[in-house]
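Novice: Return a 3D structure for these sequence lines:
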Amino acid sequence: GSTAIMGNKGSAQDSDGAAESVNLSESEWEAKLTPEQFRILRQKGTERAFAGEYDKCFDKGVYNCAGCDTPLFTSEQKFDSGCGWPAFFDSIPGAVTETTDADGKRVEITCTKCGGHLGHVFRGEYRKNPTDIRHCVNSVSIRLNPGKNKTKKNKSAAM
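Specialist: Have a look, this model is predicted:
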């Protein structure tokens, strides 16, 4: 088995109990998802670089898992890395799980709730972002929920 590492140095505790996982059989996932979503989310595929709908999208909102609709990233965490896939310098605390690939070369990121493959995370690339971390995500793995994070500077200080 692989060792999962919780991302964001945060805990997976949620006040509304949303940390509960989604467990569907592969045939149930296949019925629920498009063939391309199934290939990427469940079979750990990768979409072509620069082909995804969210690579150059910088609309405001929350990016949810395409498999289970769990919020994973916010538009404020997204940056233009030039890598050809949507890139985020952080994720919503507890939403993304990191697992080192079997060959030890890369770190896979999955939705904590449903286990759907999102992409990989890279550290120390010296890209221009606040954390020096790049969550490289397949557009097919996420869905933008527009306008959901109208963060007011004075209210977001609650953390």
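Novice: Of all the residues in the longest strand belonging to the chain, which ones are buried?
Specialist: Secondary structure of the chain per DSSP state E: the longest strand is strand 117-123. Neighbour counts over strand 117-123 (16 or more other Cβ atoms under 10 Å) mark 117-122 as buried. Glycine gets a C-beta too; all of them are placed from N, C-alpha and C.
Novice: Quick one: distance of it to the chain centre.
Specialist: In terms of Cα atoms, centre = their mean, to the nearest Å, the centre of strand 117-123 is set 8 Å apart from its chain centre.
Novice: list the helices and strands the next helix or strand after it packs on?
Specialist: Counting by DSSP states H and E, the element after strand 117-123 in chain order, helix or strand, is strand 133-137. The helices and strands touching strand 133-137, judged by 3 or more Cβ pairs under 8 Å, 6 or more residues apart in numbering; DSSP states H and E, are strand 87-88, strand 117-123.
Novice: wait, which of those strands is closest to Thr131?
Specialist: strand 117-123 (8.6 Å; Cβ to Cβ).
Novice: What ranges does the chain have for its strands?
Specialist: Going by DSSP E, the chain shows strands at 4-6, 61-65, 71-74, 78-79, 87-88, 96-100, 107-111, 117-123, 133-137, 142-146.
Novice: Of those strands, which stretch is the most buried?
Specialist: Among the strands of the chain, ranked by average contacts under mean count of other Cβ atoms under 10 Å, first place goes to strand 87-88 (a mean of 26).
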